[in-house]
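In: predicted model and sequence follow; I will ask about them next.
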Amino acid sequence: MDFALFCSRVDILLLLIALCSPCKFIQSPMDFGPLNFHQTTNTSSLDFGRIVFDSPTAVLRPHSPREISLLLSSLSASSSFNKVTVAARGAGHSIHGQAQALDGIVIEMDSLPSAISIHRGGESGSSYADVGGGALWIELLRESLKFGLAPRSWTDYLYLSVGGTLSNGGISGQTFKHGPQISNVLQLDVVTGKGEQVTCSSTESSELFFAALGGLGQFGIITRARILLQDAPQKVKWVRAFYDDFETFTEDQELLVSMPDAVDYVEGFIVLNEHSLHSSSVAFPSHLRFTPEFHGKGRYRVYYCIEFAIHDHQVESTDVERVATQLLRKMSHIPSHFYSVEVSYFDFLNRVRMEEAILRSRALWEVPHPWLNMFVPKSGIGEFKDLLLDNISPTDFGGLVLIYPLLRDKWDANSSAVLPDGGGRAEEQVMYIVGVLRSANPATCAAQCLQDLLRRHRRVAQAATAPRIGAKQYLARHPSQGHWQDHFGRHWDRFVARKAQFDPLGILAPGQGIFPRTHASSS
Ligand code: FAD
């Protein structure tokens, strides 16, 4: 970059930072203290989506929450830094640059100390883990299993950061039973946009606690979370059943989520083609004797697969084989097309890592990911499925389309997460999460094709969020504040008020594109 232009874009402090060689400590004139800034890193303008590549001016790799507090309080206190924004980067698994900060500062959370402490509850209380905001869920799993414990609620993939998923929701097949990850947090340490270090919970500084949960990084940086734990099973009975009819598929999913005492996990996906049948889990292909007729009866047809799981604590009182058989008897899948495996709990939770290894070996992991995730009310799920299938080409779809039910009463309405609001109708207890998890292999889908896929997703999202279906996007980056206002609906005013309280200058998480940075003097 031209030096004069560079100088015009950054203030004196950032110039100091940018000129400072990697890993060199600086002592700024604004009393920033010895913050460990880097000019840039390989990852600061990169995420899993590989669609947005916004470069920061500097990267902070903090060694303590205190350093984050020092940075944010200094930025808040001085009008010299009134353009500087800050994004926490967890594992960088966003799709649309949400953890990036164009010309701002990215805080790489993996540099924080990663000590995890486990507390076993007794009669007096629940078991929990204290874990840093930058730690990965896989690290928490490994540590808690040493104590025979594990978190109750998961994401499908475990190489995501605790702070990153708690800023969104954190959903998987356990969500129907235990709620999303944000419903399984007892306490947080947060550094607000003003630089205050606050310990909060549902009873202590509760406004910040609920604001931060599902808060898209807008209110503060989560530096520690206290996560509820439960006894971990040794093994998991993992079952898949196939369907050729969508209504029967969703009826059976809803049947399963109505039996939380028997079932521990429920998901499902559309079998769009041979690839989606065999790629979705390495545990099953060798067992499958299912050969769908995609081209039968003169038109292309898709199939559906439910997967459910039962925890096996390997105690005499539970016979998972019997429970699975009883459940399957109540279901209406294609006769004889059900399959089951028993795997260790760790392998079950870490199943996507095995997929990742396969995709990496075929150079298909580090490719663009035009993903679309939506919460769809039960009443609109059939129409949404038709809309989706009208807008994708099943034969050449690379990736997976997940569909499974969630229960609204497992979500705390005080959190910042956005769910379908009924659009004036009564809110429905059952809603679906639909994840269109697509890979765009550059060898077959270059820039124009990627833009076309993104356009199609926007079209689907626009139609689905209209009142007729009443869906809401999950993990989206909306194009304008007006779109965000529509997204939040009746919760927009609360979100804005929380922003004014905890990050009034709009310093945090600029990559979400919700609030502009404002000047200290005008606040
Ligand atoms: P980042 O991308 O680093 O950050 C996301 C947002 O959170 C940014 O705005 C960032 O500034 C902010 N942020 C990050 N850390 C903090 C912090 N400590 N404090 C405050 N704000 C912070 N989601 C599900 O719910 N269920 C799934 O099953 C699931 N599976 C996935 C599988 C894969 C392969 C991928 C790529 C994503 C998946 N996701 C899933 C989505 C995932 O939950 C989000 O992308 C999440 O943001 C990833 O966490 P991260 O640490 O990578 O966040």
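Out: Noted; the coordinates are in hand. Numbers count the residues shown, from 1 in each chain.

In: all contacts plus neighbour counts: C-alpha atoms, from now on.
Out: Noted.

In: and the pLDDT for residue 279?
Out: Residue 279 carries a pLDDT value of 69.

In: one more: residue 14?
Out: 51.

In: send me stretch 56-63 as CSV with only the CA atoms.
Out: Output of stretch 56-63 as CSV, limited to C-alpha atoms (Å, rounded to 0.1, in the frame of the first residue of the first chain):
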residue,chain,number,x,y,z
PRO,A,56,-7.3,-5.6,9.7
THR,A,57,-4.5,-3.0,10.3
ALA,A,58,-3.3,-4.9,13.4
VAL,A,59,-3.8,-8.1,15.2
LEU,A,60,-3.7,-8.5,19.0
ARG,A,61,-2.8,-11.8,20.5
PRO,A,62,-3.6,-11.2,24.1
HIS,A,63,-2.2,-13.1,27.1
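
In: residues in contact with that stretch?
Out: 14, 17-18, 35-41, 44-45, 68, 100-113 (Cα atoms under 8 Å, 6 or more residues apart in numbering).

In: number of nearby residues for the residue of the stretch 301-450 of the chain found nearest the ligand?
Out: At 7.5 Å from the ligand, residue 352 is the closest residue in the stretch 301-450 of the chain, using Cα to the nearest ligand atom. For residue 352, the neighbour count with other Cα atoms under 10 Å is 18.

In: mind checking how far stretch 237-251 is from the chain centre?
Out: Taking the mean of its C-alpha atoms, stretch 237-251 sits 25 Å from the chain's own mean (Cα atoms, centre = their mean, to the nearest Å).

In: list of residues touching that stretch?
Out: Against stretch 237-251 from outside (Cα under 8 Å, 6+ apart): 302-312, 320-321, 324, 332-334, 337-343, 382, 404.

In: averaged pLDDT, it. What do you get?
Out: For stretch 237-251, the per-residue pLDDT averages 96.

In: offset the numbering so it begins at 22, please.
Out: Yep, numbering from 22; the last one is stretch 258-272 now.

In: what comes up buried for that stretch?
Out: Of the residues in stretch 258-272, 258, 259, 260, 261, 262, 263, 264, 265, 267, 269, 270, 271 count as buried by neighbour count, 16 or more other Cα atoms under 10 Å.

In: let's have the residues you listed in TSV, adding distance to residue 109 and secondary structure.
Out: Shown next, in TSV, are those (distance: Cα to Cα, whole Å; DSSP: H, G, I helix; E, B strand; the rest coil):
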residue	distance to residue 109	secondary structure
258	38	strand
259	36	strand
260	38	strand
261	38	strand
262	41	strand
263	41	strand
264	42	strand
265	44	coil
267	40	helix
269	43	helix
270	40	helix
271	38	helix
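
In: residue 311: which of those is nearest?
Out: The closest of those to residue 311 turns out to be residue 263 (Cα to Cα; 8.5 Å).

In: mind pulling up the pLDDT for the spatially closest residue to residue 214 that is not a sequence neighbour?
Out: Among residues not flanking residue 214 along the chain, residue 524 sits closest, at 4.2 Å (Cα to Cα, 6 or more residues apart in numbering). If you check residue 524, the pLDDT there is 98.

In: same question, residue 544
Out: 41.

In: quick one on the thing from earlier: quick check, nearest of the buried residues of stretch 258-272 to the ligand?
Out: The ligand lies nearest to residue 259 out of those, by Cα to the nearest ligand atom, at 16.8 Å.

In: returning to that earlier point: and the buried residues of stretch 258-272 near the ligand, which?
Out: When contact is defined as Cα under 6 Å from any ligand atom, the buried residues of stretch 258-272 do not meet the ligand at all.

In: reformat these as TSV; add distance to residue 412.
Out: What follows is the buried residues of stretch 258-272, written out as TSV (distance: Cα to Cα, whole Å):
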residue	distance to residue 412
258	35
259	32
260	30
261	27
262	26
263	23
264	22
265	20
267	17
269	23
270	21
271	21
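
In: so when I look at the residue of the stretch 322-471 of the chain closest to the ligand, I'm seeing a helix, right?
Out: Yes. Looking at residue 373 with DSSP: H, G, I helix; E, B strand; the rest coil, it is inside a helix.

In: just give the nearest non-adjacent residue to it, would you?
Out: Residue 373's closest residue in space is residue 178 (Cα to Cα, 6+ apart), at 5.6 Å.

In: what does residue 212 give?
Out: Nearest residue to residue 212, sequence neighbours excluded (Cα to Cα, 6+ apart): residue 218, at 4.5 Å.

In: contacting residues around residue 251?
Out: With Cα under 8 Å, 6+ apart, residue 251 has these contacts: 148, 170, 171, 172, 173.

In: to clarify, my last question referred to residue 423.
Out: Counting by Cα under 8 Å, 6+ apart, residue 423 has contacts 288, 289, 290, 291, 454, 455, 456, 457, 458.

In: one step back: now the residue of the stretch 322-471 of the chain closest to the ligand: how far from residue 70?
Out: 17 Å (Cα to Cα, to the nearest Å).

In: returning to that earlier point: could you dump the contacts of residue 251 to TSV with neighbour count, secondary structure and distance to the ligand?
Out: Putting the contacts of residue 251 into TSV (neighbours: other Cα atoms under 10 Å; DSSP: H, G, I helix; E, B strand; the rest coil; distance: Cα to the nearest ligand atom, whole Å) gives the following:
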residue	neighbour count	secondary structure	distance to the ligand
148	19	strand	22
170	23	strand	20
171	27	strand	17
172	22	strand	14
173	20	coil	14
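
In: just to revisit the earlier point, quick check: the residue nearest to residue 214 vs residue 398, distance?
Out: On the measure of Cα to Cα, residue 524 and residue 398 end up 32 Å apart.

In: please say which of those two ends up with more neighbours.
Out: Taking other Cα under 10 Å, residue 524 and residue 398 do not tie; residue 398 has more neighbours (27 against 21).

In: quick check: closest non-adjacent residue to that one.
Out: That would be residue 452: by Cα to Cα, 6+ apart, it lies 4.3 Å from residue 398.

In: now do the host helix or strand of the one you found, average pLDDT.
Out: Using DSSP states H and E, residue 452 sits within strand 451-459. The average pLDDT for strand 451-459 rounds to 97.

In: stretch 335-353 now?
Out: 92.

In: show me what counts as buried in it.
Out: 341, 345, 348, 349, 352.

In: any low-confidence regions in the chain?
Out: Across the chain, residues meeting the criterion (pLDDT under 70) sit at 22-55, 300-303, 306-308, 541-544.

In: can you list the residues of it near the ligand?
Out: So far as Cα under 6 Å from any ligand atom goes, the chain lies against the ligand at 69, 108-115, 119-120, 154-155, 176-178, 181-182, 184-186, 188, 190-193, 237-238, 241-244, 530, 533.

In: inside helices: which ones of the residues you listed?
Out: 184, 185, 186 (DSSP state H).

In: show me what contacts the second one?
Out: Right, the one you point to is residue 185. 110, 111, 112, 154, 155.

In: could you dump the residues you listed into JSON lines with neighbour count and distance to residue 502 added?
Out: Below are the contacts of residue 185 laid out as JSON lines (neighbours: other Cα atoms under 10 Å; distance: Cα to Cα, whole Å):
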{"residue": "110", "neighbour count": "29", "distance to residue 502": "22"}
{"residue": "111", "neighbour count": "24", "distance to residue 502": "24"}
{"residue": "112", "neighbour count": "23", "distance to residue 502": "26"}
{"residue": "154", "neighbour count": "29", "distance to residue 502": "27"}
{"residue": "155", "neighbour count": "27", "distance to residue 502": "28"}
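
In: could you look up the SS state of residue 257?
Out: Assignment for residue 257 (three-state DSSP): strand.

In: for it, list the residues it contacts.
Out: With contact set as Cα under 8 Å, 6+ apart, residue 257 has these partners: 330, 331, 332, 333, 363, 364, 365, 366, 369.

In: how about it, nearest residue that isn't a chain neighbour?
Out: What sits nearest to residue 257 in space, not counting adjacent residues and going by Cα to Cα, 6+ apart, is residue 332, at 4.7 Å.
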